[in-house]
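Fold the following for me, if possible:
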Amino acid sequence: MILRLCILFFLCESVAHALPQQQCAEYVSMGTPFKLCVYLEAQQRDLFAEKVREAFAKLDEMDAWMSDWKPSSELSHVNSLAGRKPVVVRKELFDLLTFVSGISTKTLGAFDPTFNVFR
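Sure, this is the predicted structure:
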């Protein structure tokens with residue numbers, strides 16, 4: 001009986017190592033906590049770690065140009081010159097501003113991307 005239990009335990013342990021395991025990564029960027037969880041096989045864990053680093057670096061990069069809280073950001077520069085002169089911006093920022101402007105129009109102003117203009 002004990003031998004059977006040992007064999008069963010060994011088999012269950014072997015199967016458990018072969019099954020995908022949950023991997024999670026947490027990060028704070030843009031003043032927001034992010035948590036990314038996926039199920040991976042053992043050989044995928046290094047790739048997951050690399051891709052998570054890339055994703056979190058991209059968040060920080062986006063925060064650097066689109067934060068309205070950072071005076072050095074491209075968005076803050078646009079806001080500082082709003083209504084006074086045209087500003088050349090990167091395509092991503094232009095696309096984002098076009099997108100949110102469209103949402104504002106479609107919602108008849110219920111969505112207001114300028115909510116924090118007068119702080």
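
Give me the contacts around the one helix or strand residue 98 maps to.
Assigned by DSSP states H and E, residue 98 belongs to helix 91-106. Identification of contacts with helix 91-106 by CB atoms under 8 Å, 6 or more residues apart in numbering yields 62, 65, 66, 74, 75, 78, 89, 111, 112, 113. For glycine as for every other residue, the C-beta is placed from the backbone atoms N, C-alpha and C.

which ones are touching the third one?
Under the criterion of CB under 8 Å, 6+ apart, the contact list for residue 66 reads 73, 74, 75, 92, 93, 96.

And for the first one?
Residues in contact with residue 62 (CB under 8 Å, 6+ apart) are 30, 92.

Look at the closest residue to residue 74 other than its chain neighbours and say how many residues are nearby.
Nearest non-adjacent residue to residue 74, counting by CB to CB, 6 or more residues apart in numbering: residue 65, 4.2 Å away. Counted with other CB atoms under 10 Å, residues neighbouring residue 65 total 18.

check which helix or strand covers residue 65.
Using DSSP H and E, residue 65 falls in helix 45-66.

next SSE after that helix?
helix 74-80.
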